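Peer 1: got a predicted structure plus its sequence, pasted below:
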Number of protein chains: 2
Amino acid sequence: MSKEIISSTFPSPQHNHSECVDAALGEAERLCRIRDLRLTPLRKRVFELIWQSHRPVTAYELLDRLVQDGRRAQAPTVYRSLEFLTECGLVHRVESMNAYVGCNQPSRGHEVGFFICEACGDVAELADPALSSSVTKGAKQLGFTVHSRLIEVRGTCRACTAIKTDDPKRML
Amino acid sequence: MSKEIISSTFPSPQHNHSECVDAALGEAERLCRIRDLRLTPLRKRVFELIWQSHRPVTAYELLDRLVQDGRRAQAPTVYRSLEFLTECGLVHRVESMNAYVGCNQPSRGHEVGFFICEACGDVAELADPALSSSVTKGAKQLGFTVHSRLIEVRGTCRACTAIKTDDPKRML
DNA sequence: ATAGTAATGTTATAATATAACAATTACTTT
DNA sequence: AAAGTAATTGTTATATTATAACATTACTAT
Ligand SMILES: [Zn+2]
Ligand SMILES: [Zn+2]
Ligand SMILES: [Zn+2]
Ligand SMILES: [Zn+2]
């Protein structure tokens, strides 16, 4: 049984995003139930806000939206929720952006890489064993024991390559 | 002619670091001369400070040292020098640490990955075509055009694995 | 109900980074 | 050399990202 390449493709521009949100929320609730983790209303709301798009969102953007909700939120509120969500694997931090994006396959423990479109800002997540093993091989040369990997690739997604016009959803 | 794996090994704990500094400085001056870039006294000093170890150093640590030198430096002074040094490839930014480390092979354009020892803090740089091509392959699956890659691997270097004692140079 | 734990609220501040404009220095042209 | 120009650095202020510390509230378990 060969290892599988698990990838979230980039969402097509016309896709029905509410399905993404529903799926992510359902999966999050299921996982938290199984693992006996508490997806409180606040944490759930932060998770929903992160899933409002496939673009990473910053902590302070989330804070603004919580305040718009009518909550009396402050920075620590957001950072605590983000800590919870990233620790249980529901959300990933994109280091090169200081921002957070929903995980597409939280139920599988995986070494992910991110592909970040510089035209539309969307991120796809790729768990490719070949990529992991390349890292491991590189490490071996150095006599280095790998604990964790961070891979963030910047470029242009298929859709944005297709529309060569200057009408991206957002410039980074 | 097969592509070469270019790697800076982790420095041995007893290595003569002043040789690293001399080599880096010499190379920096050579490159700047060739490319007609201005390695001013300030920039050179920042570069030297970065090379005081193989550990990434933050902008504000550099600022402190400049002030210790007797300069009237402020944050923008440091960030401007860092911008110059990173843009001409003499220094790399380690995104996951908000810190900066000297480049070991600035004369070659390369897609580098960083291996960061969590025990001693030292960083090695690896330019492995196999790693780059794994990224490219992953991208191809997604229909993604790669502009740049960021790879930061955390773990334990050979020396720190060897000394299982709790006497690392520095804990991260 | 009461005690204990986890989560959230609240205030303050640390750490990282940049904008804007002034002064100085270095380079070019005369 | 002097003047003009561009690049660099100085300076002040502020934006952005993140955490520490302690108070309060909500949930659990006896
Ligand atoms: Zn979607
Ligand atoms: Zn795109
Ligand atoms: Zn050295
Ligand atoms: Zn080490």
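Peer 2: Arrived safely. Numbering: from 1, shown residues only, chains lettered A, B, ... in the order given. Ligands and ions are numbered 1, 2, ... in the order given.
Peer 1: okay, domains of chain A per the record?
Peer 2: Listed domain ranges for chain A are A:13-105, A:110-172 (source: automatic domain parsing).
Peer 1: just those: most buried one?
Peer 2: Most buried of the domains of chain A, by mean neighbour count (mean count of other Cβ atoms under 10 Å in any protein chain shown): domain A:110-172, with a mean of 19. Where C-beta positions appear, they are placed from N, C-alpha and C, glycine not excepted.
Peer 1: wait, does that domain contact DNA strand D?
Peer 2: No. Domain A:110-172 stays clear of DNA strand D (Cβ under 7 Å from any atom of the strand), getting no nearer than 12.3 Å.
Peer 1: pull up the gap between the residue in chain A that ligand 3 sits nearest to and residue B:159, please.
Peer 2: Going by Cβ to the ion, ligand 3 is nearest to residue A:142 of chain A, at 15.1 Å. Applying Cβ to Cβ, to the nearest Å, the value for residue A:142 to residue B:159 is 11 Å.
Peer 1: kindly report the same for residue A:160.
Peer 2: 45 Å.
Peer 1: then residue A:18?
Peer 2: Applying Cβ to Cβ, the value for residue A:18 to residue B:159 is 53 Å.
Peer 1: phi and psi next, for residue A:9.
Peer 2: Listed backbone geometry of residue A:9 is phi -70, psi 160, with angles given as degrees, to the nearest 10.
Peer 1: please read the previous query as pertaining to residue A:103.
Peer 2: Main-chain dihedrals, residue A:103, degrees, to the nearest 10: phi -80, psi 140.
Peer 1: my read: it touches residue A:94, true?
Peer 2: No. The criterion here is Cβ atoms under 8 Å, and residue A:103 misses it with residue A:94 at 11.5 Å.
Peer 1: strand partners (parallel or antiparallel) of the longest strand belonging to chain A?
Peer 2: When chain A is parsed with DSSP state E, its longest strand is strand A:145-156. If you go by DSSP bridges, strand A:145-156 pairs up with strand A:113-117 (parallel), strand B:145-156 (antiparallel).
Peer 1: output the ones you listed as CSV; include the columns distance to ligand 1 and mean pLDDT.
Peer 2: Shown next, in CSV, are those (distance: least, Cβ to the ion, whole Å; pLDDT from 0 to 100):
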stretch, distance to ligand 1, mean pLDDT
strand A:113-117, 14, 95
strand B:145-156, 21, 95
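Peer 1: that older thread, right, and the domains of chain A - which one's nearest residue B:154?
Peer 2: With respect to residue B:154, and counting by Cβ to Cβ, the nearest of the domains of chain A is domain A:110-172 at 5.0 Å.
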